Every structure is written in structure tokens, then in C-alpha cells.
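Novice: Here is my input, please return the structure:
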Amino acid sequence: MGTSPRAVRALVLLAGFYLVALVVLGVLVGADIAVWIWAPPPVAIKVTVISALLGYPVLRGVFTLGAGTGDEQEALPVTELDQPELWGTVRALAERSGTRAPDGILLTGEVNAAVSEDARLLGLLPGRRRLYLGVPLLTGLSESQLHSVIAHELGHYGNADTRLAGITWRGRDCVLRTVAAFQEQEGKRIGKERSRQEKAAARRLRRGKKAKGVDTRGVGFRYRLMAKPFQAYARFYLRVTSGVGRQQELAADRMAVRVAGRDATASALREIAVLDAAHDFYQSRYALLGVEAGLLPPRGEVFGGLRHLLADPRRRSALAELRGELPADEESPYDSHPPVAERVRLIEAQPDDGRGADPARPALVLLRDAGRVLAELEDVLLTPEALAMERAEWPELAHRGMHALAREAAGPLRTALATAGVASGSASGDLTALLDSADAGRLWLVAGHLPKSPEAAEATGRAAREFLRPALEAGTYGLAELALVEKAGAYWELSWSERVRLRLPGAAHSGETEEALAAAVRAATADATDTAPLRTLLAR
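Specialist: From the prediction side, this is the model:
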């Protein structure tokens, strides 16, 4: 379908929203006119006020067209002078794709690539183009795989997808904002009614009467009713535009195959699925590990450190298994992308083009002075608070970050020890005090001062202990970690092959220390308490 017919379709979909809005507003205005003619003034005033309140969300949605969504992506622009090889690659791929190259290239911290275009005249005229590239793609893909990713995005330009995206997405935004506005007003009414009923119940209790339960089932009914036509149209709009989006993605895949080759395109899709999981794991387990301690990795490593994880032999073996297991996404009628498995199947079913997935250079070589660029990306993407944090080398970050987490885990138990009057101030002293309490049969008296859920507060006997046991075990484990660091010289050991683990000096490996510690904590917090294993570890 050409650009003009698709533009007409986008405008028709948007016009449908305005038609629904016009009908709803017409009904409200008609009701107002009727009551002013036939009803007494007090009734007419009341109906008019209600109509105005119900019409406000509709008008709010109508006037969002042309307003920005506020979702502009933060990114680091790179110039052709600064990054000539990257720009040269993109320009060459644009020429092979038969489309105009982007006017700007911007780097992001996501496992994603995207294009945008500031089209004019509702998408009929082209505008300034931008290409967004996630540095995890540069870190984890080969050069040929990155070529396929860029060719896919340039395919959206060649198919005029980006020109029509503006009106399509703004129309979608209008519909969804209108539905959200009704839901917001309904939520406010429910909140007010809940607060009123809770206050009334509290007053009844103070008077010695039985309180009524809170019931808000009928509150906000008018807003729910008014939202229904817009919800129905939103479902229709999303189905139509998402179906078009899936067709556009498959067309862009075909462009990537034509430009970069079948095998490079299929392997890139497989690799991106793996990179997405690896990047999330890296961010949570490594890059942000020291945040509780006010620490970040060395400059450039917040996004660039992913390469350490990808280079580790054991991690590479695990990731290789993932490449053969594409995510089994269930296709939704509202999803703008086909499932990855389906895209790979369609690509791999094409005839062999003889280009193969050759062992090309890593894509990161396209960046000149990559370390500097990754540091500059942090300056753009991180908050001022994060940028002000102390920087630490990876081994120190691992130890201090885990120490802060252990301190947090032990906090409630140390507070309980203080409340029970047996805290000493040091981690080893507090652990000794806890073990002494356990040997004296007072363990659960101390545990009774731990924070409790309402159900735990009402429980007694064995049931109360079972409610408290997880918190007691977690607190004891954290306290024991702190005590072993303080008294026995234990330390958390950085590993890119497995998670960061505590290790005692002289232990064969970190897993040995953790296994012994976990068994000792279970023994110390069991019904038949045995504190000897923990005391032995502490004595080391």
C-alpha cells in the first residue's frame, strides 16, 4: 500500500475518534438543553454540572492532538566528525536500502534500535530523520548482525512507516488519554467515597457501635458508562494499527535480508533476544549492585561493563543455549511486532543467499574511542544523583555493595535485638547475643520483636513462629555475613561466571562458604536450636 492510501487510513482512524467524541458530546449537550426546557432550574443546574464533569475527559482527549507525548528518548548524539566509521556504515546501508540516510545518529542504553522522522503535513512530506542505536547492540552483536539491524530500521524509512507514525501514534494517544481521563475521574470518586466511609466507620467504632464494611461498587458508574464507547473504539484502533505495525515489521525484515543477508538477519534476531536477557541480568546483578552503598562502577562501565559478562566462557556457554530457544511469545492482537520466533522462522525459510553469518568484527569497533563514548553516555542518561556517586573498581564494588545489602537484611533483626535489650553494637557481638538467646531458649522472644503482618500479629504458638521464621532466617543470615566479614575476614568475591558470593579466607571456593553458612543458619533457627555450626564459622 502506498504512502497516500496509508495516510488516508490513518486520518480516517483519527476521524473516527472525533466522531465518537462528537456523538458523546452531542448527547450531553442535548440532555442539557432538554432539562433546561422541561425540568425545574435546580434539576437543570445539577444535570448541567454533571454533564460538564463528564464532558471534560472527552475535551481533554480531543485537544491532545498536536501536543507532545513527553516520551522523547534521552540519548547521546554522535556527529560524523566524531564517529566517521559509524556514519559511513549507516550511509552505505542507506544507499543499499534505497532510502535517504538519517540526519542524526543517537546512542541509547537499551537493547534496541529505532528510527523517527519529524514528518510534515500529517506524514505526506518527509522531515528530519533520526536513528537510535543501543550500545548493548554494539557491545554484543557482530558487525554483520548490526548491519542487518540498521537495514531493518532503514527499511521503515523506505516504506514511509516513520512518516505516518506521527499521526498514527498521536491518534492512538488521543484515544488512550481519553479512556485514562475517565478512569482517573472514576478513581478519584472511589477514593473520596472510600475515605468518607472509612471515617464514618471510625466514628461508629469510637461510639462503641459496629462499623459497616466499605462498599464502593456503585461509585463512579457514570464515568464507567461514558468510557465504554471510547474503550470500544480504542480496542478497534489498537487492533487496526497494531496489525499494520506487524506488516511493517515483516517488510523491514525483508529489507534487512536483502541488504545484510539471510543468516546475519536471523542470527541478529536470535542474539538480540539473548542480549536483552543478559543486559537485564548485568544491570541488576552488577552495574547497580553498589547503589545501596552509594557506588557505581568505573566511568564508562555502567553500560560498557556488559562486555565482561559476554566474554566470560561459562556465561558464553549458557547464552549459546539460549540462542537455540527463542522466546515463545503469544501473539496479541494489540502487539505491533510479530513474535520473534515467527520472524526468525520466516527469515530462515528463505533461500540461502550464499552470504552466511560470517565471523565479522565485533560491532563496537565502529565506535572511535568507545570508552570515552560510553562515559559520555552516562553523563546523558544517569541522574545527577547517580553521577554524584562514588566510583569503585569491580572487586571493591562487589564487596561493598553486598555488604550494604547484608546490612539492610540484618537491620530488622538488629532492631529486634536492641528492643529485647541484648544488642551489643557490633555485628559479631549481635550475632553472639542472638546465639546466646537461642541457647537460653529466648530466640522466639527476640524474634517476636520483628515486624509482623496483620496475620502474623494475630497468630499464636507454632503458627506465629512459622510466620516469623522467614524473616528470622533472612535476618540471621545477613547478620552472620556481617559478623564473618568483621571477625573472620570474609569477603564477597566478584565473579562474571556466577553471582557474587561470600568467601572465607582459606575456603576452596565461595560456594563452600555459602553452603556452610546456610546450613548453620537453618540449624540456629530451627525448633531444636543448634548454634554450634554458626559459632564454629565465627571462630574462624
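Novice: Do a quick rundown of the helices in the stretch 401-540 of the chain.
Specialist: Remark: helices assigned in the stretch 401-540 of the chain by DSSP state H, counting those that start in this stretch are 427-439, 443-447, 454-458, 461-488, 510-524, 532-539.
Novice: swap in the stretch 151-300 of the chain?
Specialist: Assigned by DSSP H, counting those that start in this stretch, the helices in the stretch 151-300 of the chain fall at 161-206, 221-260, 262-282.
Novice: Give me the spatial nearest neighbour of Arg522, chain neighbours excluded.
Specialist: Here the nearest residue to Arg522 in space, its sequence neighbours aside, is Glu473; by Cβ to Cβ, 6 or more residues apart in numbering that works out to 7.0 Å. Bear in mind the C-beta positions are built from the backbone N, C-alpha and C, glycine included.
Novice: er, Arg222 actually
Specialist: Leu54 (6.1 Å).
Novice: Look up how far Val214 lies from the one you found.
Specialist: 25 Å (Cβ to Cβ, to the nearest Å).
Novice: Give me the more crowded residue out of the two.
Specialist: Leu54 (21 against 13; other Cβ atoms under 10 Å).
Novice: from memory that one sits against Val27, does it?
Specialist: No: the pair Leu54 and Val27 fails to qualify as a contact (Cβ atoms under 8 Å) at a distance of 9.8 Å.
Novice: Nearest residue to Leu443 in space, please, no chain neighbours.
Specialist: Ser437 (5.6 Å).
Novice: Do I have it right that the one you found meets Ala423?
Specialist: No: with contact defined as Cβ under 8 Å, Ser437 does not count as touching Ala423 (10.8 Å).
Novice: Please, where are all the strands along the stretch 1-150 of the chain?
Specialist: Secondary structure of the stretch 1-150 of the chain, counting by DSSP state E, counting those that start in this stretch: strands at 76-78, 104-108, 113-120, 125-134.
Novice: Buried residues, the shortest one. List them.
Specialist: The one in question is strand 76-78. For strand 76-78, a neighbour-count test (16 or more other Cβ atoms under 10 Å) marks Leu76, Val78 as buried.
Novice: And the longest one, by the same measure?
Specialist: Within strand 125-134, the residues that count as buried by 16+ other Cβ under 10 Å are Pro126, Arg129, Arg130, Leu131, Tyr132, Leu133, Gly134.
Novice: In contact with the residue nearest to the fourth one when sequence neighbours are not counted, which residues are there?
Specialist: The reference is to Leu131. Closest residue to Leu131 apart from its sequence neighbours, by Cβ to Cβ, 6+ apart: Pro102 at 4.1 Å. Shown in contact with Pro102 (Cβ atoms under 8 Å, 6 or more residues apart in numbering): Val90, Ala94, Val115, Arg129, Arg130, Leu131, Tyr157.
Novice: Return the member of those nearest to Leu269.
Specialist: Each of those was checked against Leu269 using Cβ to Cβ; the closest is Val115, at 17.3 Å.
Novice: And that closest one, how far from Arg128?
Specialist: In terms of Cβ to Cβ, Val115 sits 11 Å off from Arg128.
Novice: Under the pLDDT cut-off, which ranges of this structure? List them.
Specialist: Counting by pLDDT under 70, the ranges of the chain that qualify are 1-11, 13-14, 60-73, 119-126, 158-173, 211, 241-244, 327-336, 356-359, 510.
Novice: Around Arg465, how many other residues sit close by?
Specialist: Under the neighbour criterion other Cβ under 10 Å, Arg465 is assigned a count of 18.
Novice: so it makes contact with Leu443?
Specialist: No: the criterion here is Cβ under 8 Å, and Arg465 misses it with Leu443 at 9.5 Å.
Novice: Residues contacting stretch 187-203, please?
Specialist: Ala211, Lys212, Val214, Asp215, Thr216, Val219, Gly220, Tyr223.
Novice: In this structure the second one contacts Arg204, no?
Specialist: Think Lys212. Yes: judged on Cβ under 8 Å, Lys212 makes contact with Arg204 at a distance of 7.3 Å.
Novice: Return every residue with contacts to both of the two.
Specialist: By Cβ under 8 Å, 6+ apart, no residue touches both Lys212 and Arg204.
Novice: Who has more neighbours out of these two?
Specialist: Arg204 (13 against 10).
Novice: any idea how far the more buried one is from His403?
Specialist: When Arg204 is compared with His403 (using Cβ to Cβ), they lie 51 Å apart.
Novice: And the contacts of stretch 24-42?
Specialist: With Cβ under 8 Å, 6+ apart as the test, stretch 24-42 has contacts from Val43, Ala44, Val47, Thr48, Ser51, Leu54, Gly55, Val58, Leu59, Met226, Pro229, Phe230.
Novice: Need the max-distance pair from these.
Specialist: Greatest spatial distance among the contacts of stretch 24-42 (Cβ to Cβ): Val43 and Phe230, at 27.4 Å.
Novice: neighbour-wise, which of the two wins?
Specialist: Taking other Cβ under 10 Å, Val43 and Phe230 do not tie; Phe230 has more neighbours (26 against 12).
Novice: can you tell me which residues contact the residue lying closest to Leu154 once chain neighbours are set aside?
Specialist: Using Cβ to Cβ, 6+ apart and skipping residues adjacent in sequence, the residue nearest Leu154 is Ser97, 4.4 Å away. Contacts for Ser97 (Cβ under 8 Å, 6+ apart) come out as Ala151, Leu154, Gly155, Tyr157, Gly158, Met255, Val259.
Novice: nearest residue to Ala539 other than its sequence neighbours?
Specialist: Ala488 (7.9 Å).
Novice: dump the residue contacts of the nearest residue to Pro451 once chain neighbours are set aside.
Specialist: In space, and not counting its chain neighbours, Pro451 is closest to Pro412: 5.7 Å by Cβ to Cβ, 6+ apart. Pro412 sits next to Leu450, Pro451, Ala471, Gly475 when contact means Cβ under 8 Å, 6+ apart.
Novice: Tell me the one of the residues you listed nearest Gln83?
Specialist: So of the contacts of Pro412, ranked by how close each gets to Gln83 (Cβ to Cβ), first place is Gly475, at 51.0 Å.
Novice: hang on, the earlier thing: and the helices of the stretch 151-300 of the chain, which is most packed in?
Specialist: Highest mean neighbour count among the helices of the stretch 151-300 of the chain (mean count of other Cβ atoms under 10 Å): helix 262-282, with a mean of 22.
Novice: can you pull the alpha-carbon coordinates of it into PDB?
Specialist: Only the C-alpha atoms of helix 262-282 are listed here, as PDB (Å, rounded to 0.1, in the frame of the first residue of the first chain):
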ATOM      1  CA  ARG A 262      19.500 -14.100   5.500                       C
ATOM      2  CA  ASP A 263      21.900 -15.700   8.000                       C
ATOM      3  CA  ALA A 264      23.100 -12.400   9.500                       C
ATOM      4  CA  THR A 265      19.500 -11.200   9.900                       C
ATOM      5  CA  ALA A 266      18.200 -14.400  11.600                       C
ATOM      6  CA  SER A 267      21.300 -14.600  13.900                       C
ATOM      7  CA  ALA A 268      20.900 -11.000  14.900                       C
ATOM      8  CA  LEU A 269      17.300 -11.600  16.000                       C
ATOM      9  CA  ARG A 270      18.400 -14.600  18.000                       C
ATOM     10  CA  GLU A 271      21.300 -12.600  19.500                       C
ATOM     11  CA  ILE A 272      19.100  -9.600  20.500                       C
ATOM     12  CA  ALA A 273      16.800 -11.900  22.400                       C
ATOM     13  CA  VAL A 274      19.800 -13.300  24.300                       C
ATOM     14  CA  LEU A 275      21.300  -9.800  24.800                       C
ATOM     15  CA  ASP A 276      18.100  -8.500  26.200                       C
ATOM     16  CA  ALA A 277      18.100 -11.100  29.000                       C
ATOM     17  CA  ALA A 278      21.900 -10.700  29.500                       C
ATOM     18  CA  HIS A 279      21.700  -6.900  29.800                       C
ATOM     19  CA  ASP A 280      18.800  -7.000  32.300                       C
ATOM     20  CA  PHE A 281      20.800  -9.500  34.400                       C
ATOM     21  CA  TYR A 282      24.000  -7.400  34.100                       C
END
